[in-house]
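**Q** Sequence first, then the predicted structure:
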Amino acid sequence: MNKNIQTFIGCDREYKDASIILFGAPFDGTVSYRPGARFGSSAVRSESYGIETYSPYQDKDLCDIEVYDGGDLELPFGNTEHALSVIENYCRRLIKDKKVPVMVGGEHLVTLGTVRALVDEYPDLHVIHMDAHTDLRDHYLGEKLSHACVMKRLWEILGDKRIFQFGIRSGEKHEFEFAEKHLFIRKFDFSGLEELLPRLSGKPVYLSLDLDVLDPSVLGGTGTPEAGGVTFKELLGALLKMKDLVMVGADVCELAPHYDPSGVSTAVACKLLREILLLIGG
């Protein structure tokens, strides 16, 4: 593990000392609408110095927890399965070293690589999925490895009632029907989250945050914006309710920074990533 010179703010510990490993997965080879999420992880890292390490929401500081920023993985374009294997193998090393992986995408399919690694260590893994989209298609234009299919691929690994979806407001009718039968789904917002938390107490939980769960008026820099999303305060409030969960990994995906030349979308992503790191490390 070579030291990464440019780090997310406050995440400059040595690998051997860190309990959390932050890394980027710059891949958007299967996006169904607008490409550009491969630039998300580097943008978040470079723009993080526009925020503080201290969170007034949690009264915690990134400087007080041990986070190593491993930089961006080198992921091949044109070979989706190989890109997923690179992510999976990297995470397996982190898990072997007793580290918690926190990944910045990249498109949402990269979550599959991380979960493949985690489920061997945590057979009872549960996934909290915050997103505008169901991501439950069996294939998209004939491709089973697509960001439109990632939760279906996770369901094939985890089985029924182990994926909990919030903020969903877009998908085909059969995806919603599948979710009602096999997953836990809450459309449009985070209602039901508080009632769910006791059920997840003590269980290993993976958080997967697709930034397009936010309304485009809050975060327009994403590949598939969807009107009718939640506010920043609603999303942050939902995250803070999860402070007592055993979170064994997380990701923040689908920032496509160049669609928002104001830079606001990247700034929002930075702040959310800070709060997630503090939730896990605090």
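**A** Looks like it arrived, so ask away.

**Q** Low-confidence stretches in the protein?
**A** Across the chain, the ranges flagged by pLDDT under 70 are 1-5.

**Q** where do the strands sit along it?
**A** Remark: strands assigned in the chain by DSSP state E are 20-25, 54-55, 60-61, 67-72, 100-105, 126-130, 163-168, 184-187, 204-210, 246-253.

**Q** how about residue 37, what does it touch?
**A** Counting by C-beta atoms under 8 Å, 6 or more residues apart in numbering, residue 37 makes contact with 27, 28, 31, 105, 106, 107, 222, 223, 253, 254, 255, 256. The C-beta positions use only the backbone N, C-alpha and C, and glycine is treated the same way.

**Q** Just list the residues touching the residue nearest to residue 39 when sequence neighbours are not counted, thanks.
**A** Once flanking residues are discounted, residue 39 sits nearest to residue 257: 5.7 Å by C-beta to C-beta, 6 or more residues apart in numbering. By C-beta under 8 Å, 6+ apart, residue 257 lies in contact with 36, 39, 40, 43, 221, 263, 265, 266.

**Q** Now with 7 Å, please.
**A** Contact analysis of residue 257 by C-beta atoms under 7 Å, 6 or more residues apart in numbering lists 39, 40, 43, 221, 265, 266.

**Q** same question, residue 83
**A** If you count contacts by C-beta under 7 Å, 6+ apart, residue 83 has them with 27, 29, 75, 76.

**Q** show me what contacts residue 35?
**A** Going by C-beta under 7 Å, 6+ apart, residue 35 touches 28, 223.

**Q** try it again with 10 Å
**A** 28, 29, 107, 223, 256, 258 (C-beta atoms under 10 Å, 6 or more residues apart in numbering).

**Q** now residue 113
**A** Per C-beta under 10 Å, 6+ apart, neighbours of residue 113: 25, 27, 73, 75, 81, 83-92, 101, 103, 106, 251.

**Q** Lovely, talk soon.
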